[in-house]
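1. Turn this into a model:
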Amino acid sequence: MKIAYVTFQFPPFIQGGAGTYAHNITRELAKSGHEVHVIAPRVTGCDKESVEEGLIIHRINFLNKPFLAAASFWLSLRKEFPSLEKQARGFDVVHDNGLSAASLGPKVVSCPRVVTIHHLARTTLEALGTNLFDRVRNIRSEIGISPVIEPLCMKRADWIIAVSQGTKQDIIESYGLPEDRIEVIYHGVFPEDYAASPDEKNRIRADLGIEQDPMLLFVGKLGPRKGVDILLRALPRVLNEMRVKLVLAGSGKLPMVSTST
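-> Numbering: from 1, shown residues only. Next comes the predicted model:
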């Protein structure tokens, strides 16, 4: 199968988990024998066209500036996609990583479309209670324009991949899309990348001062979008039942929460 994989994040331009996901899934698709064309932003030091890890990579010029990056990429993508498709002698499917292919309307893409939804921007917006000023100030983030274009990208997709049952249910409840168009495919992991010997595990636990206590590990950005505030509020209830040490690994500012029970 000849796949056009459109992603706003791809090495070396990675700002979050979506870029890591894009890199790994395209690499594994290529290993499975598919011809994978990655269409991604071009950053300094990258060739416009290259073959890496079995992937045919097309990098598109864009303005990597606040307020302009996403719109610039979408405009360039719409302009260049027809020539890329011609160069590849047609695609069997276009796979959109999130909302990366938002500018490719039905007049541009004639083959089937798949979109992977990691989580709904609309749900994030509602959870954070973000005001209009914050949305404008963070226009390039998921709380900016994403909630507006999100339903369009999903409704024109032939197939939607949700990364969890919760995300699937959010899509159905928020946009009324039929359940049979949404497939749940969980994120995978390469366990060998995280293998550690018993001695290494014991040393890490000793360094953290947790010894034999059960460990509760949180990995992610330390902000309300990842739910770390909910975790902190729930911790006293856990401690009422058992002895446990919480380990937080991530960047950002830890939210101030009341942990009274």
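2. Tell me the helix or strand right after the helix or strand bottoming out on mean pLDDT in the chain.
-> Least confident helix or strand of the chain, by mean pLDDT, DSSP states H and E, is helix 132-137 with a mean of 45. Where DSSP states H and E defines the elements, the next helix or strand beyond helix 132-137 is helix 146-155.
3. Helix or strand next in line after that following helix, which one?
-> Going down the chain from helix 146-155, the next helix or strand is strand 159-162, by DSSP H and E.
4. Sheet partners, orientation included, of that next one?
-> strand 113-117 (parallel), strand 182-184 (parallel) (DSSP bridges).
5. where does the residue most central in space within the chain fall, phi/psi-wise?
-> Centroid-nearest residue in the chain, with CA atoms, centre = their mean: Ala18, separated by 2.6 Å. According to degrees, to the nearest 10, the main-chain angles of Ala18 amount to phi -60, psi -30.
6. And Leu120, by the same measure?
-> phi -80, psi 130.
7. So what's the residue count around it?
-> Neighbour count for Leu120, taken as other CB atoms under 10 Å: 24. Any C-beta I mention is one placed from the backbone N, CA and C, and that applies to glycine too.
8. which residues touch it?
-> By CB atoms under 8 Å, 6 or more residues apart in numbering, the contact list for Leu120 reads Glu150, Thr167, Asp170, Ile171, Ser174.
9. so which of the residues you listed comes closest to Arg243?
-> Of all those, Arg243 sits closest to Thr167, with 33.7 Å by CB to CB.
10. looking at the strands paired with strand 159-162, which is buried most?
-> Among these, the stretch with the highest mean neighbour count (mean count of other CB atoms under 10 Å) is strand 113-117, at a mean of 22.
11. All the strands of the stretch 151-261 of the chain, in order from the start?
-> In the stretch 151-261 of the chain, the strands defined using DSSP state E, counting those that start in this stretch lie at 159-162, 182-184, 215-219, 245-249.
12. Gly33: how many residues sit nearby?
-> Residues near Gly33, counting by other CB under 10 Å: 8.
13. Pull the contacting residues for Arg27.
-> Shown in contact with Arg27 (CB under 8 Å, 6+ apart): Glu53, Gly54, Leu55.
14. wait, what's in contact with Glu49?
-> Ile56, Ile57, His58, Arg59.
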